[in-house]
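**Student:** need the 3D shape of this:
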Amino acid sequence: MTMAWRIFIASWKHFARNLWIGVATVFVFTMALLSVNVLLGVNSVIEQVVTLLEQKVDVTVTFTSDAPPALLDQARFYVVSLPQTAEARLVSPQEALDAFKVRNKNNPKILDALSELATNPLGAQLIIKAKHSEDYPFLLEAVRNPQYAPFIRNSSYDDHREAIVKIQDAGAQIRLFASALVAIFALFGLLAAFNAIRVAIYTQREEIAIMRLVGASASYIKMPFVLEGVWIALLSALLTFSGVWLCVHLLEPRLTILFDGRDPGLMAFFVQNLVPLVGIQLGGLLVLSAFVSWMAVGRYIRR
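**Tutor:** Numbering: from 1, shown residues only. Prediction:
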């Protein structure tokens, strides 16, 4: 117990004696962790943007004017029952005509032509939203089955096909790019942290040699430095997670405005992934600090 207490006190003495180096090491650790968390947050927001863009895309299946109402209701219920469907809304011929007039309110020629018609030339419309943009081809193929195909005039998928493909490609490229940046920043952060610990121990190489000469055991010499690395890792993690939490609280309201009042998902991402994020980052930092400290001190003990 006495030995453990001496090691504990010695670890804080090492930290206080080399305060500026310790502060610099904490700063390096904090910057490394912050860069990783910033990229993770940016990646989360970008994924939310892609999701919102996908939600704004829909396809419209237009039926002929003689399509029976019972068949239209059946088609909607069929599409809704498919697991790939997020929403399916049936627009009556009159509603379609009213919407068409609103869209062309500044075009008197079209409105005059409509007024001369005795009947409504437009048929009912089935507006379909898929859960994922890649599900649209399947849903359109499903609704074009032999039961409904004779009454389908056209669909708007061909108009949206390019937009859907672009959204899919942009989402995949953004996720790949963000993942690569996270990996690169994590690697450089680990290298910077590794060198910071080595520099901190290098400044005390003479003290290590003296302790070895007076008969101190290798473990007794190493453990205070290992604990010092642990304290540095804990302080860095505390500063990092406090900074991340503060930034998220400040940015969330501003991002909500940019998302037209919708949840940008930044806070939700960090809350839902709090345990793995803290566990992986703090655990990795503790293991790195302890391992590097142990190995670096051992180098001077063997001299």
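
**Student:** domain ranges for this protein?
**Tutor:** 2-53+167-301, 58-156 (automatic domain parsing).

**Student:** show me what contacts the residue nearest the centre of the chain?
**Tutor:** When C-alpha atoms, centre = their mean is applied to the chain, the residue found nearest the centroid is residue 44 (2.0 Å). Residue 44 makes contacts with 265-266, 269, as judged by C-beta atoms under 8 Å, 6 or more residues apart in numbering. Bear in mind the C-beta positions are built from the backbone N, C-alpha and C, glycine included.

**Student:** follow-up on the earlier one: make a markdown table out of the domains of the chain and add mean pLDDT.
**Tutor:** Output for the domains of the chain, formatted as a markdown table (pLDDT from 0 to 100):
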| stretch | mean pLDDT |
| --- | --- |
| domain 2-53+167-301 | 76 |
| domain 58-156 | 84 |
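
**Student:** element containing residue 88?
**Tutor:** According to DSSP states H and E, residue 88 maps onto strand 85-91.

**Student:** centre of the chain versus that strand, how much separation?
**Tutor:** How far strand 85-91 lies from its chain's middle: 28 Å, per C-alpha atoms, centre = their mean, to the nearest Å.

**Student:** identify each buried residue in that strand, please.
**Tutor:** 85, 88, 90-91 (16 or more other C-beta atoms under 10 Å).

**Student:** and what of stretch 209-216?
**Tutor:** In terms of neighbour count (16+ other C-beta under 10 Å), stretch 209-216 has its buried residues at 211-212.

**Student:** can you give me the helices in the stretch 1-150 of the chain?
**Tutor:** 2-17, 19-56, 69-81, 93-103, 108-116, 136-143 (DSSP state H, counting those that start in this stretch).

**Student:** among these, which is nearest residue 279?
**Tutor:** helix 19-56 (13.2 Å; C-beta to C-beta).

**Student:** how far does that closest one sit from its chain's centre?
**Tutor:** 10 Å.

**Student:** same question, stretch 280-289
**Tutor:** Taking C-alpha atoms, centre = their mean, one finds stretch 280-289 lying 22 Å from the centre of the chain it belongs to.

**Student:** quick check: buried residues in that stretch?
**Tutor:** Buried residues in stretch 280-289 (16+ other C-beta under 10 Å): 281-282, 284-286, 288-289.

**Student:** okay, those residues in TSV with distance to residue 217 next?
**Tutor:** As requested, those are exported to TSV (distance: C-beta to C-beta, whole Å):
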residue	distance to residue 217
281	33
282	29
284	29
285	27
286	23
288	24
289	21
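
**Student:** as CSV, the residues you listed with secondary structure and distance to residue 37 would be great.
**Tutor:** What follows is the buried residues of stretch 280-289, written out as CSV (DSSP: H, G, I helix; E, B strand; the rest coil; distance: C-beta to C-beta, whole Å):
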residue, secondary structure, distance to residue 37
281, helix, 8
282, helix, 12
284, helix, 13
285, helix, 12
286, helix, 17
288, helix, 17
289, helix, 18
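
**Student:** pLDDT value on residue 161, please?
**Tutor:** In this model, residue 161 is scored at 59, pLDDT.

**Student:** sorry, back to before: which residues touch the strand holding residue 88?
**Tutor:** Applying C-beta under 8 Å, 6+ apart, the contact partners of strand 85-91 are 55, 72-73, 76, 79-80, 99, 124-131, 135, 139.

**Student:** what do you get for stretch 250-270?
**Tutor:** 40-41, 44-45, 47-48, 52, 244-245, 248-249, 277.

**Student:** okay, buried residues for it please.
**Tutor:** Using 16+ other C-beta under 10 Å as the test for burial, stretch 250-270 gives 255, 264-267, 269-270.

**Student:** measure it end to end?
**Tutor:** Taking C-alpha to C-alpha, to the nearest Å, the first and last residues of stretch 250-270 lie 14 Å apart.

**Student:** what does stretch 208-222 give?
**Tutor:** Taking C-alpha to C-alpha as the criterion, the two ends of stretch 208-222 lie 9 Å apart.

**Student:** of the helices of the stretch 1-150 of the chain, which is nearest residue 198?
**Tutor:** Residue 198 lies closest, by C-beta to C-beta, to one member of those: helix 19-56, at 10.0 Å.

**Student:** the closest one vs helix 2-17, what angle?
**Tutor:** 80 degrees (axes from the mean of the first three to the mean of the last three C-alpha atoms, to 10 degrees).

**Student:** got the angle for helix 19-56 vs strand 85-91?
**Tutor:** Interaxial angle, helix 19-56 versus strand 85-91 (the same axes, to 10 degrees): 40 degrees.

**Student:** on that earlier part again, now the contacts of residue 44 in TSV, with secondary structure and distance to residue 188?
**Tutor:** Formatted as TSV, these follow (three-state DSSP; distance: C-beta to C-beta, whole Å):
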residue	secondary structure	distance to residue 188
265	coil	27
266	helix	24
269	helix	23
